[in-house]
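>>> The following block contains a protein sequence and its predicted model.
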Amino acid sequence: GGEEEGIAAALEEALGSNAPAAPEKASKGDAGLTSARLYDACHARTDNMLLQEENRRWQEHASSLRRTVRELERKVQSLESMAGDGDARPAGGAVAEPRSSL
């Protein structure tokens, strides 16, 4: 059925051209190997989906940090313009330059 075809497609995607066309076409002697390969393919697919989700969350976090940096830069510029020639900087020295590649 459709579910078996989906499993076969996932198996082929994970294992490349070495995968059987469909799990039911494997011989009885290959059943353990096919089962292990199917398990590995499903595990790899799950890991891939989890990593994609984690990557998406990190990208959102990086985007949020970039917005925060821009807001802080605007605040620093505002303080500098209110102080005239930059006297609004802390007594310890200059404000650190933000990283451009977050």
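Nice, I can see it.

>>> which residues in this protein form helices?
Assigned by DSSP state H, the chain shows helices spanning 2-15, 31-83.

>>> Now render the ones you listed as JSON lines, adding mean neighbour count and mean pLDDT.
Where you see a C-beta, it was placed from the backbone N, CA and C, and this is true even at glycine. Formatted as JSON lines, the helices of the chain follow (neighbours: other CB atoms under 10 Å; pLDDT from 0 to 100):
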{"stretch": "helix 2-15", "mean neighbour count": "14", "mean pLDDT": "68"}
{"stretch": "helix 31-83", "mean neighbour count": "12", "mean pLDDT": "93"}
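
>>> check contacts around residue 60.
With contact set as CB atoms under 8 Å, 6 or more residues apart in numbering, residue 60 has no partners.

>>> distance of it from residue 82?
Using CB to CB, to the nearest Å, one obtains 33 Å as the distance from residue 60 to residue 82.

>>> ditto for residue 64
27 Å.

>>> go on, residue 46?
54 Å.

>>> Likewise for residue 51?
Distance from residue 51 to residue 82, by CB to CB: 47 Å.

>>> Kindly report the same for residue 63.
From residue 63 to residue 82 the distance is 29 Å (CB to CB).
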